[in-house]
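K.L.:
build me a model from this:
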Amino acid sequence: EAWVNRPKPRVNVPPMTPVTGAGTLLARSRQWYDLLHLALQTDSTRVISLSLDSQERPIIDGVTLGHHDASHHGQDPAKLEQLALIEEAELRVFGEFLTKLKNSSEGDQTLLDRTMVFLASNLGNGSGHSPDNLPIILAGGGFRHQGHVAFDRRNNRPLSNLFVRMMQQMGIEARSFGSSTGVVSEV
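P.N.:
Residues are numbered from 1 along each chain as shown. This is a model prediction of the structure:
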């Protein structure tokens, strides 16, 4: 109720224009990230879920495959090269979003410090449709970020262990979530 009755900030943001041609996915991703940044900056929401479709082509100049096609590479060096270019470009745009959050103040902290950003894939190896060893990026949120954390691939921990840690970081006194077996303490 307090939020509903509080005056909302006025922002001076130019309207978004449709994008076409090579790089459409990346430009559209930038627009989505700009919208997320604006929603967080204006305190319009505190929870956002975003799924970016990377099926369209061309994603970037010099790449003829869509992300899905490239991810089903079958160890083909040409497809692996295109997949690397696609994913590097996508992560560069994601990095721009994190930088924008870091450069935005909210009280005595940055918006990144006050926001948990979780980026994940549903497959660890798209070519084999393997859900094992998922690539995860966790940024912001006041965690003790210590760089790359790797776990034993054969005796890995459930991703829900990280979710328990994230809930605890939000002040939720959770001891378990889904199939969790504990809490990821490395972050």
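
K.L.:
which ones are touching the residue nearest to the spatial centre of the chain?
P.N.:
Residue closest to the average C-alpha location in the chain (C-alpha atoms, centre = their mean): L119, at 2.7 Å. Counting by C-beta atoms under 8 Å, 6 or more residues apart in numbering, L119 touches 94, 136-139. No exception for glycine: its C-beta is placed from N, CA and C like everyone else's.

K.L.:
packing partners of the lengthiest helix in the chain?
P.N.:
Secondary structure of the chain read by DSSP state H shows that its longest helix is helix 77-102. Other elements packing on helix 77-102 under the criterion 3 or more C-beta pairs under 8 Å, 6 or more residues apart in numbering; DSSP states H and E are helix 24-41, helix 67-71, strand 116-120, strand 136-140.

K.L.:
partner strands of the helix or strand just after that helix and their direction?
P.N.:
Next helix or strand after helix 77-102 toward the C-terminus (DSSP states H and E): strand 105-106. Partners of strand 105-106 in the sheet, by DSSP bridges, are strand 109-110 (antiparallel).

K.L.:
relative to the whole chain's centre, how far out is the partner strand?
P.N.:
On the basis of C-alpha atoms, centre = their mean, to the nearest Å, strand 109-110 sits 19 Å off its chain's mean C-alpha point.

K.L.:
2 is where my numbering starts, stick with that
P.N.:
Done: numbering now begins at 2, and the last item shifts to strand 110-111.

K.L.:
list of residues touching that strand?
P.N.:
102-105.

K.L.:
pLDDT of it, averaged?
P.N.:
Across strand 110-111, the average pLDDT comes to 95.

K.L.:
now neighbour count and pLDDT too, for the contacts of L120, in a markdown table please.
P.N.:
Putting these into a markdown table (neighbours: other C-beta atoms under 10 Å; pLDDT from 0 to 100) gives the following:
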| residue | neighbour count | pLDDT |
| --- | --- | --- |
| F95 | 18 | 96 |
| I137 | 13 | 91 |
| I138 | 14 | 94 |
| L139 | 19 | 95 |
| A140 | 18 | 95 |
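
K.L.:
possible to save these as JSON lines with distance to H74?
P.N.:
Putting those into JSON lines (distance: C-beta to C-beta, whole Å) gives the following:
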{"residue": "F95", "distance to H74": "21"}
{"residue": "I137", "distance to H74": "21"}
{"residue": "I138", "distance to H74": "21"}
{"residue": "L139", "distance to H74": "26"}
{"residue": "A140", "distance to H74": "27"}
